[in-house]
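Student: Have a look at this prediction, sequence included:
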Amino acid sequence: GAVVSQHPSRVICKSGTSVKIECRSLDFQATTMFWYRQFPKQSLMLMATSNEGSKATYEQGVEKDKFLINHASLTLSTLTVTSAHPEDSSFYICSARDPGGLNEKLFFGSGTQLSVL
Amino acid sequence: KQEVTQIPAALSVPEGENLVLNCSFTDSAIYNLQWFRQDPGKGLTSLLLIQSSQREQTSGRLNASLDKSSGRSTLYIAASQPGDSATYLCALSGNTPLVFGKGTRLSVIA
């Protein structure tokens, strides 16, 4: 089945640094990828929709200057958390839809646990 | 705005039991509904996807149903095993991107 690879799986950083998370679709081309954030015991919340070759679409309340999204190719989207602070500590997950697959199923990366000290 | 509720929030059952997880939603204008499994600290694995025109889907010991008119979906797990322990999430795709419930945390005790 389709595979989405997300890296790194875990990162610990100091407050004020920037962190980049990569999301790759390994065996299909994804024109659209999605970035989600999950706080403990909460549901996944969509942060932004990443479109290949164009600007990302951010959900209300998500700072686009803080969460930079780049989708430069059909297989790679990156999320950069700029000047991270402890309140940004969360579990970040990307997903991609396989346009050639049945039923438009979404496939998810394994997630990145971000801890900002 | 679509709201998704999952009941119960947590469930603990002995191995071998059949169980049902519930998902309710407020807006019936959906494209499809998916059930996911999430292991601690891991990403999501899609279990079953039901198109809006379908009423149920089956995969192995799992059966998911969809009743749009009542805004409900159920995930039935037969003969539960300790390896089924995880958080189960339902998510709906409609006019907006996927909206997730908070999940049901399942523990199957050997």
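Tutor: Looks like it arrived, so ask away. Numbers count the residues shown, from 1 in each chain, chains lettered A, B, ... in the order given.
Student: pretty sure residue B:83 belongs to a helix, no?
Tutor: Yes. Under DSSP: H, G, I helix; E, B strand; the rest coil, residue B:83 falls within a helix.
Student: which one is it nearest to, not counting chain neighbours?
Tutor: Excluding its sequence neighbours, the residue lying closest to residue B:83 (C-beta to C-beta, 6 or more residues apart in numbering or on different chains) is residue B:108, at 7.7 Å. Just so you know, the C-beta spots here come from the backbone N, C-alpha and C atoms, and that holds for glycine as well.
Student: Give the full set of residues in contact with that neighbour.
Tutor: Residue B:108 makes contacts with B:12, B:13, B:14, B:15, B:17, B:80, B:81, B:82, B:83, B:84, B:85, as judged by C-beta atoms under 8 Å, 6 or more residues apart in numbering or on different chains.
Student: So which of those residues wins on neighbours?
Tutor: Highest neighbour count within those: residue B:80, with 21 neighbours (other C-beta atoms under 10 Å in any protein chain shown).
Student: roughly how far apart are the nearest residue to that residue once chain neighbours are set aside and chain A?
Tutor: Nearest residue to residue B:80, sequence neighbours excluded (C-beta to C-beta, 6+ apart): residue B:108, at 4.6 Å. Distance, residue B:108 to chain A, by C-beta to the nearest C-beta, to the nearest Å: 20 Å.
Student: And residue B:108, its phi and psi?
Tutor: The phi/psi pair for residue B:108 (degrees, to the nearest 10) reads phi -110, psi 120.
Student: what bridges to it?
Tutor: residue B:13 (DSSP bridges).
Student: What of residue A:36?
Tutor: residue A:46, residue A:93.
Student: Pretty sure it sits against residue A:48.
Tutor: No. Shown here, residue A:36 and residue A:48 do not form a contact pair, counting by C-beta atoms under 8 Å, at 9.2 Å.
Student: Could you pull up the contacting residues of residue A:87?
Tutor: Counting by C-beta under 8 Å, 6+ apart, residue A:87 has contacts residue A:116.
Student: Distance of it relative to residue A:63?
Tutor: Distance, residue A:87 to residue A:63, by C-beta to C-beta, to the nearest Å: 12 Å.
Student: For residue A:59, list the residues it contacts.
Tutor: Applying C-beta under 8 Å, 6+ apart, the residues near residue A:59 are A:45, A:46, A:47, A:48.
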